[in-house]
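>>> Curious how this folds, go ahead:
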Amino acid sequence: MRSFLPLSLLALTLLALSPTNSSAAPWESSYDKLLQKYVVKTGVRYAAWQANKTDRRVLDAIVSKIAEADLTGLSRDEKLAFYLNAYNAWILKTMLDHYPVKSIKDTMYFVFRRDIITVAGKKTNFHALENQVIRKQFKESRIHFALNCASASCPPLHHRAFTAKSLDETLTKLTKEFITNNSLGLRWQKGAGKVHVSKIFDWYKDDFKREAGSIMAYLVKYRGTPFPANTKLKFQDYDWSINEAK
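Residues are numbered from 1 along each chain as shown. Here you go, the predicted structure:
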């Protein structure tokens, strides 16, 4: 009987993953369960996920539904939640398809600019999805703390699927956590005269400046506490090794 149980569960999951233009798409629930199962504070449990053929098939079904999704009539937050989930889910599938690797740059760096993913009926790539769709269309700086490129220096992958209902609260929470509780986001020692921040703040500085006027002002906005006058901004090196749970 044990050999039939995983297939039965998979069949039920696949039946539920039907196309929809509702913010409560059935695949979001399945994706949410996978994230809760394999994403922990220290990263993603890639080895365990890859070893589970049933859960691999479920993720494959999820990205298939993302590929054929119809976004007609969705609100701004519904669309943004969809695109954030789409980016992260496709990254996870790509990583699992290539696992084991030590770094996303080892064998997969080409994927960022090659049209190997499909989102809402359009063949595209991760670079275009992030910059030509998500950043350009929504002009939302906090997305940089929600998107995850499967590397150690990325803001941690959120362990839940994004939903329109809680999107604003979740984006603010993730932004604050990366700036206040993660040394990869911000590292500062009182009296040092320097604050070391993620390279993300350099790469996407225009997004942060558009919201707060400057990177430093942005940091203060979400940190809640100003830095001493004349504090200098330094950017940390970026670690491209995979964000595998230790």
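>>> Check the spacing between Val44 and Asp32 real quick.
When C-beta to C-beta, to the nearest Å is the yardstick, Val44 and Asp32 sit 15 Å from each other. Just so you know, the C-beta spots here come from the backbone N, C-alpha and C atoms, and that holds for glycine as well.
>>> more neighbours, these two?
Val44 (25 against 16; other C-beta atoms under 10 Å).
>>> Now do that one against Gln236, distance only.
Where Gln236 is concerned, Val44 sits at a distance of 21 Å (C-beta to C-beta).
>>> next SSE after the lowest-mean-pLDDT helix or strand in the chain?
Using mean pLDDT, DSSP states H and E, the weakest-scoring helix or strand in the chain turns out to be helix 5-16, at a mean of 45. Per DSSP states H and E, the first helix or strand lying C-terminal to helix 5-16 is helix 26-38.
>>> Check which helices and strands that next one sits against.
If you count contacts as 3 or more C-beta pairs under 8 Å, 6 or more residues apart in numbering; DSSP states H and E, helix 26-38 packs onto helix 5-16, helix 46-51, helix 53-68, helix 76-98.
>>> could you give the angle of that helix to helix 76-98?
Orientation note: helix 26-38 sits at an angle of 50 degrees relative to helix 76-98 (axes from the mean of the first three to the mean of the last three C-alpha atoms, to 10 degrees).
>>> Now helix 26-38: buried residues?
26-28, 30-32, 34-35, 38 (16 or more other C-beta atoms under 10 Å).
>>> Which helix or which strand is home to the residue most central in space within the chain?
Nearest to the mean C-alpha position of the chain, by C-alpha atoms, centre = their mean, lies Leu147 at 2.7 Å. Under DSSP H and E, no helix or strand contains Leu147.
>>> Please verify my assumption that it contacts Ile134.
Yes: Leu147 lies in contact with Ile134 (C-beta atoms under 8 Å); the separation is 7.4 Å.
>>> Need the overlap of contacts for the two.
By C-beta atoms under 8 Å, 6 or more residues apart in numbering, Leu147 and Ile134 have these common neighbours: 84, 87.
>>> just for this protein, where's the confidence low?
For the chain, the stretches flagged by pLDDT under 70 are 1-24, 107-109.
>>> Report the residue ranges of every domain in the protein.
Per the record, the chain has its domains at 5-165, 183-235, by automatic domain parsing.
>>> looking at those domains, which is buried most?
Ranked by mean neighbour count under mean count of other C-beta atoms under 10 Å, the domains of the chain are led by domain 5-165, which reaches a mean of 17.
>>> for that one, the distance to its chain's centre please.
Offset of domain 5-165 from its chain centre (C-alpha atoms, centre = their mean, to the nearest Å): 8 Å.
>>> Can I get stretch 62-81 as CSV, trimmed to CA atoms?
In CSV, the C-alpha atoms belonging to stretch 62-81 read as follows (Å, rounded to 0.1, in the frame of the first residue of the first chain):
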residue,chain,number,x,y,z
ILE,A,62,2.9,24.3,-10.3
VAL,A,63,5.3,25.9,-12.8
SER,A,64,3.1,24.5,-15.6
LYS,A,65,0.1,26.3,-14.1
ILE,A,66,2.2,29.5,-13.8
ALA,A,67,3.2,29.1,-17.4
GLU,A,68,-0.5,29.0,-18.6
ALA,A,69,-2.0,31.4,-16.0
ASP,A,70,-4.4,34.1,-17.2
LEU,A,71,-3.9,37.3,-15.4
THR,A,72,-6.9,39.1,-16.9
GLY,A,73,-8.9,41.0,-14.3
LEU,A,74,-6.4,40.6,-11.5
SER,A,75,-5.6,43.5,-9.2
ARG,A,76,-2.2,45.1,-8.8
ASP,A,77,-1.4,43.1,-5.7
GLU,A,78,-2.7,39.9,-7.2
LYS,A,79,-0.5,40.3,-10.2
LEU,A,80,2.6,41.2,-8.1
ALA,A,81,2.1,38.3,-5.8
